[in-house]
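Visitor: coordinates only, sequence not included:
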């Protein structure tokens, strides 16, 4: 609290940013679990049912599973009687919506990582203005006034960097994890789309 009061008014948004960053990071780590996004084991039964052309049963399982992967497969099963192009479009549309959900909050962390050092710099400018005001009013004979302004400048700079650096690292970590899962969604959904339509790439080449 002493640093907060000595850092000046710009410490308030910096501290608020730090709280938001920690909250968003922890929430995203919890939501971006592999078992929640790509529950391969839970969908093994769906794959078997699709192999057996028991698509109604497969659809019922996907409706109960709220993972992004299950919802993409469900989009394809709901249009199982349509053409392959229509099924692909529906699954891709659901996949894009899932990708947006997986990337949720990452942009906010990027913004916090960018703005926090700027707030620290603004606090530095404010602190140096106080230093020069003190010099113009009292000269250089009052080191206490000078030290207060310099301390405010250094504290806000350090605080801004202390928020920005871990937030940037957390944003990169979450971004990489989200992109990895999005690739996994695309790959597995494409495999199941071939099963739904009964048109695997290998089979198409053999027929030709």
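Guide: Done, it's in. Computed from a predicted model, the values in this text were never measured in an experiment.
Visitor: quick one: low-confidence ranges for this protein?
Guide: Along the chain, segments meeting pLDDT under 70 span 1-8, 132, 134-149, 152, 199-208.
Visitor: can you give me the helices in it?
Guide: Counting by DSSP state H, the chain has helices at residues 2-6, 11-31, 34-37, 44-51, 55-64, 68-78, 84-102, 106-138, 143-197, 201-207.
Visitor: return the most buried member of these.
Guide: Of all the helices of the chain, helix 68-78 has the most neighbours on average by mean count of other Cβ atoms under 10 Å, namely a mean of 23. From N, CA and C alone the C-beta is placed, and that goes for glycine too.
Visitor: against residue 94, how distant is residue 112?
Guide: Distance of residue 112 to residue 94, given as Cβ to Cβ, to the nearest Å: 30 Å.
Visitor: swap that for residue 107, sorry
Guide: Counting by Cβ to Cβ, the gap from residue 107 to residue 94 is 21 Å.
Visitor: how about the contacts made by the residue nearest to the spatial centre of the chain?
Guide: Geometric centre of the chain, nearest residue: residue 106, 3.1 Å, by Cα atoms, centre = their mean. Taking Cβ atoms under 8 Å, 6 or more residues apart in numbering, we find residue 106 in contact with 28, 171, 174, 175, 178.
Visitor: what does residue 169 give?
Guide: Applying Cβ under 8 Å, 6+ apart, no residues qualify as near residue 169.
Visitor: possible to save the contacts of residue 106 as TSV with distance to residue 165?
Guide: Formatted as TSV, the contacts of residue 106 follow (distance: Cβ to Cβ, whole Å):
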residue	distance to residue 165
28	18
171	11
174	15
175	16
178	21
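Visitor: just the closest of those residues to residue 52, please.
Guide: Nearest to residue 52 among the contacts of residue 106 is residue 178, at 33.6 Å by Cβ to Cβ.
Visitor: what residues are up against that closest one?
Guide: Residue 178 touches 32, 99, 102, 103, 106, counting by Cβ under 8 Å, 6+ apart.
Visitor: quick check: the last one vs residue 12, distance?
Guide: Residue 106 sits 25 Å away from residue 12, going by Cβ to Cβ.
Visitor: cool, and the second one?
Guide: With distances defined as Cβ to Cβ, the gap from residue 99 to residue 12 amounts to 35 Å.
Visitor: what's the answer for the first one, then?
Guide: In this structure, residue 32 and residue 12 are separated by 30 Å, where distance is defined by Cβ to Cβ.
Visitor: again, but for the fourth one
Guide: Summarising the geometry, the distance separating residue 103 from residue 12, computed by Cβ to Cβ, is 29 Å.
Visitor: quick one: residue 51 and residue 195 touch, right?
Guide: Yes. Residue 51 is within contact range of residue 195, at 6.4 Å (criterion: Cβ atoms under 8 Å).
Visitor: residue 36 contacts residue 65, doesn't it?
Guide: No. Taking contacts as Cβ under 8 Å, residue 36 lies outside contact range of residue 65: 10.4 Å.
Visitor: just checking, residue 154 touches residue 123?
Guide: No. Using Cβ under 8 Å, residue 154 is not in contact with residue 123; the gap is 9.3 Å.
Visitor: how far away from the center of its chain is stretch 183-192?
Guide: Mean C-alpha position of stretch 183-192 versus that of the full chain (Cα atoms, centre = their mean, to the nearest Å) differs by 20 Å.
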